[in-house]
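Engineer: Predicted coordinates and the sequence they were generated for:
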Amino acid sequence: MSTRVVRAACPHDCPDTCAMLVTVTDGVATDIKGDPDHPNTNGTLCTKVSRYLERTYHEDRLLHPLKRVGKKGEGRFEQISWEEALNLITAKLKEIAARDARAILPYSYAGTMGIVQGESMAMRFFNKLGASRLDRTICSSAGGVGIKYTLGAKMGMDTEQYINSKVILIWGGNSIGSNIHFWTRAQEAKRRGAILIAIDPYRSLTAEKCQHHIALIPGTDAALALGLMHILIRDDLLDHDYIENYTLGFDQLKDRVSTWTPARVASTCGITLEEVEFLGKLYGETAKQREAVAIRVNYGVQRAHGGGMAVRNIACLPALVGAWRLAAGGILLSSGETYPKNEKLLSRPDLEPVDAARPPRTINMSTIGDDLLKKSSSEFGPAVEAVIVYNSNPVAVAPESSKVAQGFARDDLFTVVLEHFKTDTVDYADIVLPATTQLEHTDIHATYGHLYIMANNPAIAPLGESKPNSEIFRLLAGKMGFTDPCFADTDDDIAAMAFDAKHTHAIHFDWATLKRDGWMRLNVADAPFATGGFRTPSGKCEFYSERMKADGLDPLPTYIPPYESVASAPELAKKYPLAMISPPQRNFLNTTFVNVTSLRNTEGEPHLEMNPDDAVTRNIKQGDLVKIFNDRGSMLAKVRITNHARPGLVVALSIWWKKLATDGKNANELTSQRLTDMGRAPTFYDVLVQVEKA
Ligand SMILES: Nc1nc2c(c(=O)[nH]1)N[C@H]1C(S)=C(S)[C@@H](COP(=O)(O)OP(=O)(O)OC[C@H]3O[C@@H](n4cnc5c(=O)[nH]c(N)nc54)[C@H](O)[C@@H]3O)O[C@H]1N2
Ligand SMILES: Nc1nc2c(c(=O)[nH]1)N[C@H]1C(S)=C(S)[C@@H](COP(=O)(O)OP(=O)(O)OC[C@H]3O[C@@H](n4cnc5c(=O)[nH]c(N)nc54)[C@H](O)[C@@H]3O)O[C@H]1N2
Ligand SMILES: [Mo]
């Protein structure tokens, strides 16, 4: 018997990107645990990923290439060989490319966050082909753009520093569910005397455990931030020296926020005047005493019309009070751009053919519902004839799902899906290719929630005939006749070129060492903006942004109301008076893990949380099956009557596989394809609905 322990990294779309230790006995993975030596992981994995072996060895794993035999959406397939699958795919792609390669669309997101299995070989393939570009907006682009206008880059506080913060605003994030290793730090800070405040319309698991919870109306965070700035300026809770030296546009900001009185803010946000005053004073007065005030802003604030502006406004707060001077003060949205990734070397945009008659065409993944249904036209370009899906499950995750499914059901669309399981999207595929999981391939990871580069070594051989994404695109490139040397790069070659070892942040980066050690900390200062150094054009924190003006936006912080809310759409609200949000379920990772029985059993079936006031007027009782609907669609769920949903709000924790849900539908039947103010992102939590007993 031979037993070894392999250093791996969790591949999932989560800020924590844990270091994992996988025990392998005679070629079989028998145990998985968090690396006790990795500072962020600290020896623990979340509930989901501790079931990664159950997922990997699941009896439903796709182990062979498949070809569709039934109708689209039915999910009936027959097994074929790799040779046949690759030949069918490349014959079709060649035929389309001979007319216009832009009719071919890649569709991918963060099923794995790995650079090798995500952003390298596949990107090279589609660039070389001249396929449509995909605008990858489905998650973080609204806030990403918002924070860049203010701070210059997606970077900020080091998660490890929050243990020393005295006030922590957990703003639009459910850390216990989706960022558990940050929550551990926040808990430590609480033990050391910190005050934690959750700002969230919903009393999430996290909000329940914070000392204070401010339950505002969804999509109104930008107004709350304006009110806090108003109080800081009104009460002179400012760091004048920091403002003078490291910020831009304070006088214009002062003027702008003067009209955002706490009373106006309270009524906009649906909270009390006392809550606004309390929060402003707590934040400002704590900072004035030279104690660290910290913000962990997350994705909940970005999924409404003004989501970009909300993040932009919130990111102004630390500079006003000089919070950045201390390592335990400031804000973190994402640490993603702290990593000096060699993007161009990895994805090779230079391979894209230059053809004046066919300029590059970009399709937004968040409007795939509309775009798959579009005919060829001069504005749109060629109709989409082929979609290659990998690392994503669009039929379940993209907004306005009925249209997405209608698009994928087109008989004249050729769909290839690379997957681990027969997801809702696989059901529409013409060809299905079995992909390896993280235990079966090599990868290297940047993260968006801490400051380590992570290595993933393969622990076991690929199951069945499955292959890594990188290998699948390498083989497809070969069959297409692409001879550029980069298509011969091995996974180790790609990992070795992932980061710029000349950049000060990754100065010690070396793949061989990283593979051995599992992780490596970036070389960054504890307090990144203690003395300015913002990556904006002015090098300052920009309260006033010339770039926003150039982009057609208000250059100063402002409030953009939701598309759909009682206040901003009163006519619509007569029919559909309830705001619906569908944030992640703790035991699922987007739609990943929904098919892992032990995890799905903890939820059982889709639920809808509803306030007692809203239930009583609808004669809805605890446990009733209810229909949630609007003009876009409907779904069924079992009701949980609870004060965790504020009046006027319903919460459908997500994202269910449609085919495992009560009526074959999930929350995205109700969401819209309207986009945010910045970053062309979806507005998943900007939705009005009505609910009735089913
Ligand atoms: N267990 C688990 N972990 C995950 C994921 C998962 O699906 N499951 N998904 C991963 C991914 S892809 C992402 S992007 C991150 C998301 O990371 P987070 O944003 O931290 O995670 P959520 O749990 O979505 O928290 C969002 C919270 O915002 C609240 N919210 C909704 N609308 C608003 C609003 O308008 N304003 C404010 N202030 N709050 C609002 C919701 O009620 C919810 O509690 O998590 C990652 N981690
Ligand atoms: N209503 C509503 N909708 C939402 C959200 C919400 O909060 N509410 N959240 C949104 C957010 S934040 C995000 S990020 C998106 C997420 O949307 P997606 O990125 O599509 O995430 P998943 O649903 O987890 O699907 C990822 C798929 O990739 C597959 N996969 C994993 N690893 C590999 C691999 O190595 N190779 C291949 N070929 N496949 C692999 C998994 O099996 C899984 O089926 O959903 C969005 N949709
Ligand atoms: Mo996400």
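Structural biologist: Great, that's in hand. For clarity, every value in this text was computed on a predicted model and none was experimentally measured. Ligands and ions are numbered 1, 2, ... in the order given.
Engineer: Please count neighbours and contacts with C-alpha atoms only from this point.
Structural biologist: Fine.
Engineer: can you give me the helices for the stretch 51-200 of the chain?
Structural biologist: According to DSSP state H, counting those that start in this stretch, the stretch 51-200 of the chain carries its helices in the segments 52-56, 82-100, 115, 121-129, 141-151, 175-178, 180-191.
Engineer: can you put these in JSON lines and add mean pLDDT and mean neighbour count?
Structural biologist: Compiled in JSON lines, the helices of the stretch 51-200 of the chain are given as follows (pLDDT from 0 to 100; neighbours: other C-alpha atoms under 10 Å):
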{"stretch": "helix 52-56", "mean pLDDT": "96", "mean neighbour count": "18"}
{"stretch": "helix 82-100", "mean pLDDT": "98", "mean neighbour count": "15"}
{"stretch": "helix 115", "mean pLDDT": "98", "mean neighbour count": "24"}
{"stretch": "helix 121-129", "mean pLDDT": "98", "mean neighbour count": "23"}
{"stretch": "helix 141-151", "mean pLDDT": "98", "mean neighbour count": "27"}
{"stretch": "helix 175-178", "mean pLDDT": "96", "mean neighbour count": "22"}
{"stretch": "helix 180-191", "mean pLDDT": "98", "mean neighbour count": "20"}
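Engineer: In stretch 334-342, which of the residues would be classed as buried?
Structural biologist: Residues of stretch 334-342 classed as buried: 334-336, 338-341 (neighbour count, 16 or more other C-alpha atoms under 10 Å).
Engineer: do stretch 477-494 as well
Structural biologist: With the criterion 16+ other C-alpha under 10 Å, stretch 477-494 contains buried residues 477, 479-480, 482, 486-488, 490-492, 494.
Engineer: which two from those end up farthest apart in space?
Structural biologist: Using C-alpha to C-alpha, the two most remote members of the buried residues of stretch 477-494 are Met480 and Asp492, lying 23.2 Å apart.
Engineer: which SS class is Glu274?
Structural biologist: helix (DSSP: H, G, I helix; E, B strand; the rest coil).
Engineer: near ligand 1, which residues of the stretch 451-600 of the chain?
Structural biologist: If contact is defined as C-alpha under 6 Å from any ligand atom, the residues of the stretch 451-600 of the chain in contact with ligand 1 are 581, 583-590.
Engineer: ok, of those, which come out buried?
Structural biologist: 581, 583-590.
Engineer: Of the residues you listed, which belong to strands?
Structural biologist: In strands, defined here by DSSP state E, the members of those are Ile581.
Engineer: Reformat the buried ones among the residues of the stretch 451-600 of the chain next to ligand 1 as CSV; add distance to Tyr685 and pLDDT.
Structural biologist: Conversion of those to CSV gives the following (distance: C-alpha to C-alpha, whole Å; pLDDT from 0 to 100):
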residue, distance to Tyr685, pLDDT
Ile581, 5, 98
Pro583, 8, 97
Pro584, 12, 95
Gln585, 15, 94
Arg586, 17, 94
Asn587, 20, 94
Phe588, 18, 95
Leu589, 17, 96
Asn590, 15, 97
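Engineer: of the buried ones among the residues of the stretch 451-600 of the chain next to ligand 1, closest to Thr442?
Structural biologist: Leu589 (21.5 Å).
Engineer: wouldn't the closest one be in contact with Asp13 here?
Structural biologist: Yes: under the contact definition of C-alpha atoms under 8 Å, Leu589 touches Asp13, with a separation of 7.5 Å.
Engineer: if we can go back for a sec, okay, the residues of the stretch 451-600 of the chain next to ligand 1 in TSV with distance to ligand 2 next?
Structural biologist: Formatted as TSV, those follow (distance: C-alpha to the nearest ligand atom, whole Å):
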residue	distance to ligand 2
Ile581	7
Pro583	4
Pro584	5
Gln585	9
Arg586	12
Asn587	12
Phe588	8
Leu589	6
Asn590	4
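Engineer: now those as a markdown table including distance to Trp519?
Structural biologist: Written out in a markdown table, the entries for those read as follows (distance: C-alpha to C-alpha, whole Å):
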| residue | distance to Trp519 |
| --- | --- |
| Ile581 | 36 |
| Pro583 | 30 |
| Pro584 | 28 |
| Gln585 | 29 |
| Arg586 | 26 |
| Asn587 | 26 |
| Phe588 | 26 |
| Leu589 | 23 |
| Asn590 | 26 |
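Engineer: give me every residue that touches Asp221.
Structural biologist: Residues in contact with Asp221 (C-alpha atoms under 8 Å, 6 or more residues apart in numbering) are 269, 301, 310.
Engineer: do you know how far the last one is from Arg203?
Structural biologist: If I follow you right, that is Ala310. The spacing between Ala310 and Arg203, counted by C-alpha to C-alpha, to the nearest Å, is 20 Å.
Engineer: So if I had to pick from these two, which one is more boxed in?
Structural biologist: Using other C-alpha atoms under 10 Å as the criterion, Ala310 and Arg203 rank with Ala310 on top: 30 against 20.
Engineer: Taking the stretch 501-650 of the chain, what residue is nearest to ligand 2?
Structural biologist: Scanning the stretch 501-650 of the chain for proximity to ligand 2 using C-alpha to the nearest ligand atom identifies Thr591 as nearest, at 3.6 Å.
Engineer: For burial, what's the neighbour tally of the closest residue in space to that residue that isn't next to it in sequence?
Structural biologist: Counting by C-alpha to C-alpha, 6 or more residues apart in numbering, the nearest residue to Thr591 once its immediate chain neighbours are dropped is Ile655, at 5.1 Å. Residue crowding around Ile655 was assessed by other C-alpha under 10 Å; the count is 23.
Engineer: which residues does Ile655 contact?
Structural biologist: Contact analysis of Ile655 by C-alpha under 8 Å, 6+ apart lists 396-397, 582-585, 588-591, 666-667.
Engineer: Can you pull the phi and psi angles for it?
Structural biologist: Main-chain dihedrals, Ile655, degrees, to the nearest 10: phi -110, psi 120.
Engineer: pLDDT value on it, please?
Structural biologist: Ile655 is assigned 97 on the pLDDT scale.
Engineer: what's the answer for the one 10 residues further on, then?
Structural biologist: At Lys665, the model reports a pLDDT of 98.
Engineer: who's in contact with it?
Structural biologist: Going by C-alpha under 8 Å, 6+ apart, the list of residues near Lys665 reads 634-636, 657-659.
Engineer: Repeat that for Ser565.
Structural biologist: Ser565 is in contact with 573, 577, 579, 686-688, counting by C-alpha under 8 Å, 6+ apart.
Engineer: Serialize those to a markdown table and add fields for secondary structure and distance to Asp551.
Structural biologist: A markdown table is the format used below for these (DSSP: H, G, I helix; E, B strand; the rest coil; distance: C-alpha to C-alpha, whole Å):
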| residue | secondary structure | distance to Asp551 |
| --- | --- | --- |
| Ala573 | helix | 32 |
| Pro577 | coil | 34 |
| Ala579 | strand | 30 |
| Asp686 | coil | 23 |
| Val687 | coil | 27 |
| Leu688 | strand | 29 |
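Engineer: could I get those as a markdown table with neighbour count and pLDDT?
Structural biologist: Rendered in a markdown table, the data for the contacts of Ser565 read as follows (neighbours: other C-alpha atoms under 10 Å; pLDDT from 0 to 100):
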| residue | neighbour count | pLDDT |
| --- | --- | --- |
| Ala573 | 18 | 98 |
| Pro577 | 22 | 98 |
| Ala579 | 23 | 98 |
| Asp686 | 28 | 98 |
| Val687 | 23 | 98 |
| Leu688 | 28 | 98 |
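Engineer: Among the residues you listed, which one lies nearest to ligand 1?
Structural biologist: Ligand 1 has its nearest neighbour among the contacts of Ser565 in Asp686, at 7.8 Å by C-alpha to the nearest ligand atom.
Engineer: Regarding the closest residue in space to Leu63 that isn't next to it in sequence, what is its secondary structure?
Structural biologist: Nearest in space to Leu63, with sequence neighbours left out and distances taken as C-alpha to C-alpha, 6+ apart, is Gly464 at 4.6 Å. Under three-state DSSP, the three-state class of Gly464 is coil.
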